[in-house]
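Asker: Mind folding the following:
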Amino acid sequence: MLNVTIHHAGGGTCSLTGKEGDGLAITFDDGTVKNQFLSWKAFRQLLAMKMTPAKSASRIQLDMTPNVDDASTK
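Answerer: Model (predicted):
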């Protein structure tokens, strides 16, 4: 779950793009954005990124046991 506080909606300069336009000033409770104005488009994109589950890195299990030939040790 993602908690967002909306401080106000209206016009302003987007913190991400630097463009003037309509949007809203928000704070995410996770601390990543604090009272920043975002255009509606930037807000939707950021919200979609935050709601997408992070992919865990694929890991390959390596066999680290020594390859010892029984015939060569005799």
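Asker: Grab the nearest non-local neighbour of the residue nearest the centre of the chain.
Answerer: The centroid of the chain falls nearest to Lys50 when counting by C-alpha atoms, centre = their mean (5.0 Å). Distance criterion C-beta to C-beta, 6 or more residues apart in numbering; nearest residue to Lys50, sequence neighbours excluded, is Leu2 at 5.6 Å. Every residue, glycine included, has its C-beta placed from N, CA and C.
Asker: try Gly12
Answerer: Using C-beta to C-beta, 6+ apart, the closest residue to Gly12 is Phe37 (4.0 Å).
Asker: element containing the one you found?
Answerer: strand 36-39 (DSSP states H and E).
Asker: helices or strands next to that strand in the packing?
Answerer: Applying 3 or more C-beta pairs under 8 Å, 6 or more residues apart in numbering; DSSP states H and E, we find strand 36-39 packed against strand 20-28.
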